[in-house]
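1. I would like the atomic coordinates for the input below:
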Amino acid sequence: MTIGIIFISVIFMIIGVAVQSTLKNKFSEYSTLPTISNLSGEEVAKKMLGDNGIYDVTITCVEGSLTDHYNPVNKTVNLSKDVFEGRNIASAAVAAHECGHAVQHATAYSMLMLRSKIVPAVQISSTLSQWVIMAGIGFMGFGGGNSTVLLIGIILFAVTTLFSVITLPVEFDASARALRWLSTANITAPQEKEKAKDALKWAALTYVVSALASIAMLVQYILIYTSRSRD
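-> Sure thing, here's the model as predicted:
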């Protein structure tokens, strides 16, 4: 079973690297293409928030590449410098997507609210789960000891898996809101919208790969638990 865990880890690592590489290439390509509106990412964000009646969210510029995110705790749309200053399809897509999360927050979108509620549990489980699972497998490996420690580790890991699954509809919904608004607000022309959609699709795939990897690992841990509990 441990061989299965290593195999799954390697497979999803390779897939993850491939998706990340494609995502970076897509964003590099679309960062060279201007939008019909010629608005910067900051201006796109301001307009989308204003069009949705949101005036208590701050737009900030943060370091790094593809570090863009919405923070519901302090209500900030955080855009990387390239997105914040960029006047292109990639910048518009990312800025609108992050504002999509702000709109979700303002409208109490159920999946975002659920994800926010389990964040404290995820912070604990993500730190402890792997250590507890390894300890549990180790204990059971020495003479078929008690499986309780492994079970606790699996429960902790299941919390992180649940979080990654809940993240999927949150991300897909934010992208859908962004793409609808980009069209209705005339930020992008029809052909530009398709490129924005493609960029956001590859960004979403990173979350899909992460969720599938977590599910596969959880199944492997459960199989280890059930097989060794019968021994």
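2. Tell me where the chain is predicted with low confidence.
-> Scanning the chain for pLDDT under 70 picks out 1-2, 141-146, 228-231.
3. Now do the helices in it.
-> According to DSSP state H, the chain carries its helices in the segments 2-30, 41-51, 81-85, 89-106, 110-141, 148-184, 190-230.
4. wait, which of these is closest to residue 74?
-> helix 89-106 (11.4 Å; C-beta to C-beta). Every C-beta, even on glycine, is put in place using the N, C-alpha and C of the backbone.
5. tell me which residues form a beta bridge with residue 79?
-> Bridge pairing for residue 79 (DSSP bridges) gives the partners residue 61.
6. follow-up on the earlier one: can you tell which of the helices of the chain is closest to residue 70?
-> Comparing those under C-beta to C-beta, the one sitting nearest is helix 89-106, at 3.7 Å.
7. Nearest residue to the middle of this structure?
-> residue 207 (4.6 Å; C-alpha atoms, centre = their mean).
8. distance of that residue from residue 19?
-> 10 Å (C-beta to C-beta, to the nearest Å).
9. now do residue 57
-> Where residue 19 is concerned, residue 57 sits at a distance of 29 Å (C-beta to C-beta).
10. So if I had to pick from these two, which one is more boxed in?
-> Shown here are residue 57 and residue 19; by other C-beta atoms under 10 Å, residue 57 has more neighbours (23 against 19).
11. Confirm for me that that one is in contact with residue 50.
-> No: using C-beta atoms under 8 Å, residue 57 makes no contact with residue 50, being 10.2 Å away.
12. burial count for residue 186?
-> Residues near residue 186, counting by other C-beta under 10 Å: 10.
13. how many neighbours does the closest residue to residue 177 other than its chain neighbours have?
-> Excluding the flanking residues, the one nearest residue 177 by C-beta to C-beta, 6 or more residues apart in numbering is residue 100, at 3.9 Å. Residue 100 has 28 neighbours, counted by other C-beta under 10 Å.
14. For residue 111, the count of nearby residues, please.
-> Residue 111, neighbours per other C-beta under 10 Å, totals 16.
15. Equivalent analysis for residue 12, please.
-> Residue crowding around residue 12 was assessed by other C-beta under 10 Å; the count is 17.
16. I'd say it and residue 209 touch.
-> Yes: using C-beta under 8 Å, residue 12 is in contact with residue 209, at 6.4 Å.
17. Quick check: buried residues in stretch 167-180?
-> 167, 168, 170, 171, 172, 173, 174, 175, 177, 178, 179 (16 or more other C-beta atoms under 10 Å).
18. and if you look at stretch 55-66?
-> 57, 59.
19. So what would you say the end-to-end distance of it is?
-> Start-to-end span of stretch 55-66 (C-alpha to C-alpha, to the nearest Å) is 25 Å.
20. and that stretch, how far out from the chain's middle?
-> Averaging C-alpha coordinates over stretch 55-66 and over its chain gives two centres that are 17 Å apart (C-alpha atoms, centre = their mean, to the nearest Å).
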